[in-house]
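In: please find the sequence and the predicted model below.
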Amino acid sequence: MLGQISAIPIKNSSPYTVSELYHLNKYLRKYKYRFLLGILFIVGTHIFSIIPARLTKNTFDFLKGTLDTYQIFQGANFYEIAFQILFKGLLVYIALILLMAFLKSLCSFLMRQIIMKAANKIEAELKNEIYNHYQNLPLSFYTKHSTGDLMARIVEDVNRVKLYLGPAMVFALNGLVLFLILIPYMIYINPKLTLYSLFPLPVLAISVYYIKHFLYYRSERLQAKLAELTTFVQETFSGIRVLQSFAREQNFVKNFSNICESYKQYALSVTAINAIFTPLAIGINSLGIILTVLIGGKEVIKGNITVGNIAEFVMYMHLITWPIITISLVANFLQRAAASQKRINEFLKEENPIVSTQNIIRPIQGKITFENVSFTYPDTGIRALNNISFEIAAGESVAIFGTTGSGKSTIASLLTRLYEADSGAISIDDTIIQAYNIAGLREQIGYVPQDVFLFPDTIKNNIAFGKKDVNETQIEQAIQYAGLDTSLQHFPNHIETLVGERGVTLSGGQKQRIAIARALIREPRLLILDNSLSAVDTKTEHSILQNLKRVMQGRTTVIISHRISAASLCNKILVLEAGNIVEQGSHEELLAAKGIYHKLYKQQGS
Ligand SMILES: Nc1ncnc2c1ncn2[C@@H]1O[C@H](COP(=O)(O)OP(=O)(O)OP(=O)(O)O)[C@@H](O)[C@H]1O
């Protein structure tokens, strides 16, 4: 509701386990060769990271060896020769280090390309899977879940899963491969130096874990605030008409400013924690370097290692720090992905109970039979229809007439199989409705619901939405039958006029008539108009109904209405009250019966 902010739910507090991610196995299997190739390039990246460190060690040792020799020959004629040897040797080492750096960058680039691309492909496929599944779910599913929730699961949650499949996968594999290659190699060079240089790393891992944990919690809140802000702005502008007409602008400005302020506070705290993080990581890493130089120095004095080994170890320290930092990142991405996948799985597990038993696809004649049909809305428990029975002959026009909330629209929902009756039987052409293929049946029904929905597109495209492959003549004809032709003359772009968001640029009556044209273009065997002429004057209503009589010749028309004027034009009228059929017959018969219909006839001054 406008003004009551409904933040997009991006977190589900119910428990989840990593096993939720098993759903992704089919995608991982599909892209297994990509991931394996990615691992190969990760190995390459690390080999080309370790070799330069080894080359640096050799450079140091070479420098030291050459300088020692130079000391021996100082004062003699060999000075120039020693300098030449030193310089050429250095150039060779620099060239080799540059080559390794290039190869490392190349492997790293290819690894990211391969794994990230696979993650992007899986993200798109998962989105498609969810969207396809949404399309197959019944209307009752949509009344239970908000649009914000549906959107959050297909956008936010899938994005979190992608972060796990992409960056988290890269970080995890990167760290694992590096540890497997580097640690044994360091131990091989000098176990004692390895132990001391790695000593501060657990401290780094634990501090990073806690800081990141706190940071993610805050970021989560920040994200929720952002969603709140977005929803608020969206709701404000979609309800701008009401907002301005009720002069509530200042209240909304104040509310917006309050949400902005709390968003700012969260953003500031996230920035502050982020600011602590980098100096802390650098500090702990420096501690490791100090220990390496100190212990390494002692080892050099003892003759166990060379000066080059210290330089080499300092470089290894830098290589290992980032994977340590990313451990908590990976753990966090994994948790968030599992929570998100759980939310996605919840929807993917939803099944549509409205199915076809025999998948019959055939043209219908339009005979409709309701036998002792009852229906209670599952979410509210409201009994909308109470054991109702009636019959409509093929080609008949029938009005369903009654007070508001009496169950008229529910009959239309059951006929279009948007809901399933709890008991009783609904048949079309003496075949139980469940036997028909659902899409095949719906394609033969032209249903104009009470709340008209128009896409922000042209009038033409809104009408053509009802059918594949339509031509201009069919559109013009549907417009004429729906009584829209005179209105269209006032539009500068005729049927190419854009209707704006939900048809905001049109009058209520124009929107209703576009919806009728959309239904008529399908040339339906059964036409259901649910209060579809409530926004037009009785004269226009009369002329449209006369048109429909011609168009629907030999086809069944069900007109749901509160108006006697509409009902009186039909062959038969069903009068509903509190889910029961209280009267039925022709206009004349019902007037003669002097019941509810007659009373309403008098009230409406017909
Ligand atoms: N989607 C829904 N979920 C839960 N309850 C519903 C739903 N739609 C309608 N109802 C309830 O079912 C009852 C019958 O509603 P229905 O829309 O069929 O009445 P109606 O006769 O068409 O009313 P109106 O003339 O005002 O459109 C009402 O009490 C309504 O509150």
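Out: Thanks, I have the structure now.

In: go ahead and confirm residue 243 touches residue 235.
Out: No - taking Cβ atoms under 8 Å as the definition, residue 243 is not a contact partner of residue 235, at 9.4 Å. Every C-beta, even on glycine, is put in place using the N, C-alpha and C of the backbone.

In: what's the local residue count around residue 246?
Out: 11 (other Cβ atoms under 10 Å).

In: residue contacts, residue 28?
Out: 35, 122, 165 (Cβ atoms under 8 Å, 6 or more residues apart in numbering).

In: quick one, domains of this structure?
Out: Domain segmentation of the chain under automatic domain parsing yields 19-31+115-348, 356-444+526-539+555-606, 450-523.

In: mean pLDDT for the ones you listed: which is lowest?
Out: Note on the domains of the chain: lowest mean pLDDT is at domain 450-523, with a mean of 82.

In: I'd like to know how far residue 350 sits from the ligand.
Out: 17 Å (Cβ to the nearest ligand atom, to the nearest Å).

In: spell out which parts of the protein neighbour the ligand.
Out: Proximity of the chain to the ligand (Cβ under 6 Å from any ligand atom) is limited to residues 143, 377, 379-380, 382, 384, 402, 404-410, 450.

In: out of the contacts of residue 28, which are inside helices?
Out: Counting by DSSP state H, the contacts of residue 28 place 35, 122 in helices.

In: tell me how many other residues crowd the one residue in the stretch 1-150 of the chain that gets nearest to the ligand.
Out: The stretch 1-150 of the chain approaches the ligand most closely through residue 143 (4.9 Å), counting by Cβ to the nearest ligand atom. Residue 143 has 13 neighbours, counted by other Cβ under 10 Å.

In: so it touches residue 379, yeah?
Out: Yes - Residue 143 lies in contact with residue 379 (Cβ under 8 Å); the separation is 5.6 Å.

In: tell me the secondary structure at residue 527.
Out: Using DSSP: H, G, I helix; E, B strand; the rest coil, the secondary structure recorded for residue 527 is strand.

In: how about it: which residues does it bridge to?
Out: residue 446, residue 557 (DSSP bridges).

In: how about it, what does it touch?
Out: 445-446, 448, 519-520, 548, 552, 555-558.

In: switch the cut-off to 6 Å
Out: By Cβ atoms under 6 Å, 6 or more residues apart in numbering, the residues touching residue 527 are 446, 552, 557.

In: for my notes, confirm residue 401 occurs in a strand.
Out: Yes - counting by three-state DSSP, residue 401 is found in a strand.

In: show me which of the contacts of residue 527 are buried.
Out: 446, 552, 557 (16 or more other Cβ atoms under 10 Å).

In: separation between the most centrally placed residue in the chain and residue 117?
Out: By Cα atoms, centre = their mean, the chain has its centre lying nearest to residue 154, at 1.9 Å. Using Cβ to Cβ, to the nearest Å, one obtains 21 Å as the distance from residue 154 to residue 117.

In: ok, back up a step: quick check: PyMOL command selecting the buried ones in the residues of the chain next to the ligand.
Out: Restricted to buried positions by 16+ other Cβ under 10 Å, the PyMOL selection for the residues of the chain next to the ligand reads:
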select buried, resi 384+402+406+407+408+409+410
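
In: which one of the residues of the chain next to the ligand sits closest to residue 425?
Out: For the residues of the chain next to the ligand, the minimum distance to residue 425 (Cβ to Cβ) is 16.0 Å, reached by residue 410.

In: how about that closest one, what does it touch?
Out: So residue 410 contacts 375, 384-385 (Cβ under 6 Å, 6+ apart).

In: how about 10 Å then?
Out: Each residue near residue 410 by Cβ atoms under 10 Å, 6 or more residues apart in numbering is listed here: 373, 375-377, 382-385, 388, 418-419, 421, 576, 579.

In: quick one: buried ones out of these?
Out: 373, 375-376, 383-385, 388, 418-419, 421, 576, 579.

In: show me where the chain has strands.
Out: 368-376, 383-392, 397-402, 423-428, 431-432, 445-448, 526-530, 556-561, 572-577, 580-585 (DSSP state E).

In: how about the first one as PDB, C-alpha atoms only?
Out: Extracted as PDB, the C-alpha positions of strand 368-376 are listed here (Å, rounded to 0.1, in the frame of the first residue of the first chain):
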ATOM      1  CA  ILE A 368     -21.400 -24.700 -19.800                       C
ATOM      2  CA  THR A 369     -22.700 -26.800 -16.900                       C
ATOM      3  CA  PHE A 370     -22.100 -26.100 -13.200                       C
ATOM      4  CA  GLU A 371     -23.200 -28.900 -10.900                       C
ATOM      5  CA  ASN A 372     -23.200 -28.300  -7.100                       C
ATOM      6  CA  VAL A 373     -20.000 -26.300  -7.400                       C
ATOM      7  CA  SER A 374     -18.500 -24.900  -4.200                       C
ATOM      8  CA  PHE A 375     -15.400 -22.800  -3.800                       C
ATOM      9  CA  THR A 376     -13.500 -21.400  -0.800                       C
END
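
In: quick check: buried residues in stretch 45-59?
Out: With burial defined by 16+ other Cβ under 10 Å, the residues of stretch 45-59 counted as buried are 45-46, 48-59.

In: okay if I get those residues as JSON lines plus distance to residue 85?
Out: Output for the buried residues of stretch 45-59, formatted as JSON lines (distance: Cβ to Cβ, whole Å):
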{"residue": "45", "distance to residue 85": "33"}
{"residue": "46", "distance to residue 85": "32"}
{"residue": "48", "distance to residue 85": "27"}
{"residue": "49", "distance to residue 85": "29"}
{"residue": "50", "distance to residue 85": "27"}
{"residue": "51", "distance to residue 85": "23"}
{"residue": "52", "distance to residue 85": "22"}
{"residue": "53", "distance to residue 85": "24"}
{"residue": "54", "distance to residue 85": "21"}
{"residue": "55", "distance to residue 85": "18"}
{"residue": "56", "distance to residue 85": "19"}
{"residue": "57", "distance to residue 85": "19"}
{"residue": "58", "distance to residue 85": "15"}
{"residue": "59", "distance to residue 85": "14"}
